[in-house]
Each structure stands twice: as structure tokens, then as C-alpha cells.
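K.L.:
Sequence and predicted model, in that order:
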Amino acid sequence: MNAVVNSASSTTAPAAVLANLINHGLVAQLPETLPPEWQAAYHAVRSLPASTYAQRQQAFLDSIAHRADAAHIELEVYEAADETYDSLGQLRTYAAWETLQAPPPARPALVQGVISRPSLNLLVGAPGAKKTWLALHLAACVATGLRWLGRSTQPTPALIVDEEGGLQRTWSRLARVLRGLNAPRTAPLHFIPPALHNFAEENVVIPLIQRAHALNAGLIVIDCLNNVMPGTDENNVLSVQPVLANLRRLSIQADLAVLVIHHTNKQGVFRGSSALASGVDHMLLVQSPPQDTRIHLSTIKARDVEPLSLAAQASFTPDAFTLALAEQQVPSAKLSNSARAVLLTLAELGEAATSQLAPQRVNSRTRTLIYELAAAGYIARTNPGHRGTPALYALTPLGQVAINHV
């Protein structure tokens, strides 16, 4: 039973559900949705939350040992595991002549204008900026097909890899998010409590790829980056690149969107090596003081989506969490003379390269200022982030508002 069962089987065949549960401890279906004759075995295996594969297998065998059809049930489960083994990890190879035909149709965005599939995305912000709440809310909206901050979602199962909150905290937060959305009990949303994943190691993504296939997941949320790269120098390009490569591998081989939560530095820009910006498809900045319930979300870097800038209003009660689109407000932070000059230049030119925004001399301070303005949501890059391509920037809607106050 070393194979992984695909989602098509796991939602229709009881044997496939049991195979998933035995192989991976994966509770992918409600017990009461199974035929009565399968429920006892399902409950017996499911009652071992911290078990190993061998323990789960033995629990399954013990639960059916008294039945006359035990051998038949065992065979069904083994066959359910084996029949989909070859479907995993098979990469499609295209011939040159195929490019002369119409390309495959583009897949709808997972979250309109925010996250595509497959893709690698970063959600960055200071401690207390409500990054995890945003990510959980987004995952729940995707899993249930509900709109997220006014944007349509493509319904797909979602998986949360929690390496920071812990079982009790994530349990409570996810329950409050689901109640706030009035989400159904059957919502295909799952989470893994802290399991010490280390994405600097080569094979760490294999179990996650297999689990994503088993769930048919289209989204994985990872909380947070520094906890899945222990001992790695986040400021060193050579140290960060293997982590990004593994995250990208997870996205491509599991055919899903990966959303990783990360922190900002003291300047309000993403923490760590510049490789993080060049290695992701969309980097979003979350700004919200811990004591405030207003949240500002803006693009720092975008590859396949238009830069965005929007505001949300969060509501916390002991039982529920809700999030609603809100009217944007100009941040109260004071702009330096250099920042004002950049905004005015963009207002005049419409779009400009870094060299045009600093005609005297482009230096590290200039680049930091550009990052800070992008992080604050005033400007956004308008062209893809390919190496060697001059960066072009334009005012965001928030920047257009701010220019009236400059």
C-alpha cells in the first residue's frame, strides 16, 4: 500500500478512502458518507492521529479480522492503492510541432487577479499584520468557491501546512474563519500541524506532492517561510535558492498554487535575499498595525497578474472571523522628498524605469526607496521580472490618490 490514491477514487470508492487513510493518515472524507460496512474500519484507523503507517495498517487489519469477507476487503484496499500509482509524477513532454497548433487553454485564476495556478506566491508583513488570518480566509474561500475580497475564486480543495501556529491555535482560527463564512462542514479544506518540514532538503516535498494529489488540492498555504528553512541563511542567495526550487517543484509537480507567509524587515520590505522577489510569481504586502482591524494589501512584485492595491476590514469575535472589502485610505506615513519626487515623476510619465526615477545616479538607496514605495502600495512594477530586463514602474490606484496629497 505504498502508492497514493487520486482524488477521483477517494471521493467515490470506500476502498480508496481507506487506502488514503492507511497510507497517509489522510482524513479526506466524512465517516458518515461511507457505506455502513466500511465505517468501523475507517473509525478504527482514524482514531490513531499520531500513528505511523504500520500502526494504521495493523488497526485496519484488526478492525476487519472478525468479518467473513476480510480477505476481500483487504484486497480491495490494496488494489485501490496500486491502480493509481503510475499516474503520479508523470511529467508531460511536448513536441516542437505541437507549438504550431493552438496552445492549451489557459486555466482560470485561482483567485481573480491575485493567484494563478500553478504559481509560487509570498504574503509578507510585519508581526501582527494578520497575514495568517488573510491566508486562512483566502484558503477557505477557494475551498468553498466563495468570492475573496470581491474577487471570484476557482473552487478547489486546499491544504494548510502549519509550521508556526500549532494545532490548537490553527484549529481555533480555522474554525472561526469557517463560521464567519458560513462554510459547509464538508468544505474540502485540510491542515497539517507542525511537522518540522525543511524545504532546504531535497526530498521534503515528495510527501506533500503525494498528499496534494490525494486531496486533488489546488492550493497549499505554508505558514511560515523561516520555519520551513531552519538553519538556512535567508540573506544568502545560494542558501535560499534550494528552498525556492523545492517550493517551485511542489507547485509544478502537484499542479497547484503555493502561498507562503513571510515577514518584513524594519524598513517594511520583505526580509531576506533579493532571490525571493525574483523567484516568486506574486509578492503581496500586508500592512495592518496589531491593534487595527483595517488591512491594506498591495503588490510588491507581480509576474502574471496585474499589480493590485486594496483594503479590507476585519472583524473578530470569540466565535467567528469575517473579512470584507473596504475603501482604500492614504496611509498616514510621511513621504520623504525623494519619495515625493518619484511619485511626481511617475504621475508625469505614466511609466518609468528605475534609471528615469533617479536620473542623477541609481544606487542601493534608490533601489531601497523603490522597494519601499512598492511595499507601501504607492507604485508597482508593470513588466515581468526577467533577469536583465529594466524594471518599469507605474503609480497604483493608491499612488494616484496619494499624489493629490504630495
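P.N.:
Great, that's in hand. Numbers count the residues shown, from 1 in each chain.

K.L.:
Just the buried positions in the host helix or strand of residue 322, please.
P.N.:
For residue 322, the host element (DSSP states H and E) is strand 321-326. The neighbour-count check on strand 321-326 (16 or more other C-beta atoms under 10 Å) flags 321-323, 326 as buried. All C-beta spots, glycine's among them, are computed from the backbone N, C-alpha and C.

K.L.:
Likewise for stretch 36-52?
P.N.:
Within stretch 36-52, the residues scored as buried using 16+ other C-beta under 10 Å are 38, 41-42, 44-46, 51.

K.L.:
Just the CA trace of it, in CSV.
P.N.:
The C-alpha coordinates for stretch 36-52 follow below in CSV (Å, rounded to 0.1, in the frame of the first residue of the first chain):
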residue,chain,number,x,y,z
PRO,A,36,-22.0,1.4,6.9
GLU,A,37,-19.9,-1.8,6.4
TRP,A,38,-16.8,0.4,5.8
GLN,A,39,-17.3,2.9,8.7
ALA,A,40,-15.9,0.7,11.5
ALA,A,41,-12.6,0.2,9.7
TYR,A,42,-12.5,3.9,8.9
HIS,A,43,-13.1,4.9,12.6
ALA,A,44,-10.5,2.4,13.8
VAL,A,45,-7.7,3.8,11.7
ARG,A,46,-8.9,7.4,12.1
SER,A,47,-8.7,7.1,15.9
LEU,A,48,-4.8,6.9,15.7
PRO,A,49,-4.0,10.6,14.9
ALA,A,50,-0.3,10.4,15.8
SER,A,51,0.2,6.9,14.3
THR,A,52,2.7,5.5,11.8
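
K.L.:
chain center to that stretch: distance?
P.N.:
Offset of stretch 36-52 from its chain centre (C-alpha atoms, centre = their mean, to the nearest Å): 30 Å.

K.L.:
of all the buried residues of strand 321-326, which two lie farthest apart?
P.N.:
321 and 326 (15.2 Å; C-beta to C-beta).

K.L.:
Report the mean per-residue pLDDT for stretch 149-159.
P.N.:
The average pLDDT within stretch 149-159 is 96.

K.L.:
no wait, stretch 272-283
P.N.:
The average of the pLDDT scores along stretch 272-283 is 87.

K.L.:
hmm, back to that, what pairs with the strand holding residue 322, parallel or antiparallel?
P.N.:
strand 309-316 (antiparallel) (DSSP bridges).

K.L.:
What ranges does this structure have for its helices?
P.N.:
7-10, 14-24, 36-46, 53-64, 70-82, 131-144, 167-181, 205-215, 237-253, 275-279, 337-349, 354-357, 364-375, 397-403 (DSSP state H).

K.L.:
quick one: which of these is nearest residue 150?
P.N.:
helix 131-144 (10.9 Å).

K.L.:
What helices and strands are in contact with the closest one?
P.N.:
Contact partners of helix 131-144 among helices and strands, from 3 or more C-beta pairs under 8 Å, 6 or more residues apart in numbering; DSSP states H and E: strand 119-125, strand 158-162, helix 167-181, strand 189-192, strand 219-223, strand 257-263, strand 321-326.

K.L.:
Just want the angle from it to strand 119-125.
P.N.:
Put simply, helix 131-144 runs at 140 degrees to strand 119-125, going by axes from the mean of the first three to the mean of the last three C-alpha atoms, to 10 degrees.

K.L.:
Restricting to C-alpha, output helix 131-144 in PDB.
P.N.:
This file holds the C-alpha atoms of helix 131-144, laid out as PDB (Å, rounded to 0.1, in the frame of the first residue of the first chain):
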ATOM      1  CA  LYS A 131      -1.200  37.600   7.500                       C
ATOM      2  CA  THR A 132      -2.300  34.200   8.700                       C
ATOM      3  CA  TRP A 133      -5.900  35.300   9.100                       C
ATOM      4  CA  LEU A 134      -5.800  36.600   5.500                       C
ATOM      5  CA  ALA A 135      -4.300  33.300   4.200                       C
ATOM      6  CA  LEU A 136      -6.800  31.100   6.100                       C
ATOM      7  CA  HIS A 137      -9.700  33.200   4.800                       C
ATOM      8  CA  LEU A 138      -8.400  33.000   1.300                       C
ATOM      9  CA  ALA A 139      -7.900  29.200   1.500                       C
ATOM     10  CA  ALA A 140     -11.500  28.800   2.900                       C
ATOM     11  CA  CYS A 141     -12.900  31.000   0.100                       C
ATOM     12  CA  VAL A 142     -11.100  28.900  -2.500                       C
ATOM     13  CA  ALA A 143     -12.200  25.600  -1.000                       C
ATOM     14  CA  THR A 144     -15.800  26.700  -0.900                       C
END
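
K.L.:
Thanks a lot, see you next time.
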